[in-house]
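Asks: here is a sequence with its predicted model. Questions after.
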Amino acid sequence: MFRSRLPVLPVVGLLILSSNFLFLLIIRIPNKGLEAFSLPWEWPGNSDSLGDHPNISRFEWKPDLQKTTKARPLNQQPLATATTQHPLKVVYPHVYPFLINEPSKCQEWAPFLVLLVVSKPHDFTERQAIRQTWGNESSVPGVSIIRLFLLGADPLFRSPLQPLLEEESSLYRDIIQQEFLDTYNNLTLKTLMGMEWVTRFCPNATYVMKADSDIFLNVGYLVSKLLQPHLPPKKDYMTGYIYRNTGPLRDKAYKWYVPREVYPNDTYPPYCGGPGYVLSGDLAKKVFQVAQTIPVINMEDSFMGICLYTLGIEVTESPWGLFHVFKVDYEKCRFSELVVVHHYSPEELLQIWPNFTDQNKNCTSQN
């Protein structure tokens, strides 16, 4: 059986050994520790407003919901109140302080690609495997890449974990963290943190890739096939595995459950699947700005589609089969012409990576 050989930090190593048992005990808890907002605005769009966006795919909005058009400046957001709301409602807009930040990462140059990787505070092993494989910032010669891991505050073990995260951050300078609970239902806040970071600290980035930590990502093929550095940068661009004609799951048995109190419409606009999607730097800033004007839902990828609809921007089709939201068995020649494959563990990444990057085993393009 393959065993990964990850370099272990002196202290972080203790975390991995001592916390394996602790994290087996972690259970998902409702986001009751955050105060609720009383949001003054309403849901975007209705069936009549589709005429404003002639290129947007038609889908069903509640007829009595109106689009809001005026954003509040970040320094004028309403204060949190103690009003009762559904526990799955996301507290936003809200200024979440950065617990760990890299504000100077883009000062020397504007990167071609920013990799925003969703991670949990205790997942050091996953982060280390990504650093050694597809998250290597030097993986594409001649292309400037920045890697950042997106973290919230651990809901159960924040106190013992935080010093270890700060030590890891001081070594790798690739972690950003804000003070919201790191739960599945707060994934939207993680992505918006990434959009905020690009907007505030890296506004000249050409492209941004949001990626889950359990994927295989072929950065080289992404750059050469879709982003093409030799061409003028794309604008208002987002692509990935595109979902169309889908709607929220109303059954509480699913982890993707979205109650009507959170999202009252029966359908979502087209959106890119959450395991991995890429967008232009200009669109990352627009998404962050428009998110200040509309209610945020707990399904991160669907919410990005709502933001695009509100902006009047359509998702961009990519060549079929580049983004896989389900697992595909590894085969070098096939993977050389894919961008994303979901459900790859750190051990699997480390096992396949030497073969995938072996320059002595070339594949002839079938295109």
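Replies: In hand now; what should we look at? Residues are numbered from 1 along each chain as shown.
Asks: what about the helices in the stretch 251-367 of the chain?
Replies: Applying DSSP state H, counting those that start in this stretch to the stretch 251-367 of the chain gives helices spanning 281-291, 300-311, 332-335, 346-356.
Asks: mean neighbour count, those: which tops it?
Replies: Mean neighbour count (mean count of other CB atoms under 10 Å) peaks for helix 300-311 among the helices of the stretch 251-367 of the chain, with a mean of 24. Any C-beta I mention is one placed from the backbone N, CA and C, and that applies to glycine too.
Asks: CA atoms only for that helix - export them in PDB, please.
Replies: Provided in PDB are the C-alpha atoms of helix 300-311 (Å, rounded to 0.1, in the frame of the first residue of the first chain):
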ATOM      1  CA  GLU A 300     -21.500  28.400  -2.600                       C
ATOM      2  CA  ASP A 301     -21.500  27.400  -6.200                       C
ATOM      3  CA  SER A 302     -25.100  28.100  -6.700                       C
ATOM      4  CA  PHE A 303     -24.700  31.500  -5.100                       C
ATOM      5  CA  MET A 304     -21.900  32.400  -7.600                       C
ATOM      6  CA  GLY A 305     -24.500  31.700 -10.400                       C
ATOM      7  CA  ILE A 306     -26.900  34.000  -8.700                       C
ATOM      8  CA  CYS A 307     -24.200  36.700  -8.600                       C
ATOM      9  CA  LEU A 308     -23.600  36.300 -12.300                       C
ATOM     10  CA  TYR A 309     -27.300  36.500 -13.100                       C
ATOM     11  CA  THR A 310     -27.600  39.700 -11.100                       C
ATOM     12  CA  LEU A 311     -24.600  41.100 -13.000                       C
END
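Asks: so how far is it off the chain centroid?
Replies: A distance of 13 Å separates the centroid of the chain from that of helix 300-311, by CA atoms, centre = their mean, to the nearest Å.
Asks: likewise stretch 210-226?
Replies: Computed by CA atoms, centre = their mean, the chain-centroid distance of stretch 210-226 equals 13 Å.
Asks: then stretch 110-121?
Replies: 8 Å.
Asks: helices of the stretch 101-250 of the chain, residue ranges please.
Replies: Assigned by DSSP H, counting those that start in this stretch, the helices in the stretch 101-250 of the chain fall at 124-132, 158-172, 187-201, 219-221.
Asks: if you average the pLDDT over the second one, what comes out?
Replies: For helix 158-172, the mean pLDDT works out to 97.
Asks: buried ones in it, by neighbour count?
Replies: For helix 158-172, a neighbour-count test (16 or more other CB atoms under 10 Å) marks 158, 161-162, 164-165, 168-169 as buried.
Asks: how about the third one?
Replies: The neighbour-count criterion (16+ other CB under 10 Å) identifies 187-199, 201 as the buried residues of helix 187-201.
Asks: pLDDT wise, what is Glu108 at?
Replies: pLDDT for Glu108: 89.
Asks: ok, it - how many residues close by?
Replies: 8 (other CB atoms under 10 Å).
Asks: any idea how far Val194 is from Thr183?
Replies: Small correction: residue 194 is Gly, not Val. To Thr183, Gly194 is 17 Å away according to CB to CB, to the nearest Å.
Asks: output the buried residues of helix 187-201 as CSV; include the columns distance to Trp256.
Replies: Shown next, in CSV, are the buried residues of helix 187-201 (distance: CB to CB, whole Å):
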residue, distance to Trp256
Leu187, 11
Thr188, 13
Leu189, 17
Lys190, 16
Thr191, 16
Leu192, 19
Met193, 21
Gly194, 21
Met195, 22
Glu196, 24
Trp197, 26
Val198, 26
Thr199, 28
Phe201, 31
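Asks: surely Tyr309 meets Val287?
Replies: No: Tyr309 lies out of contact with Val287 (CB atoms under 8 Å); the separation is 11.4 Å.
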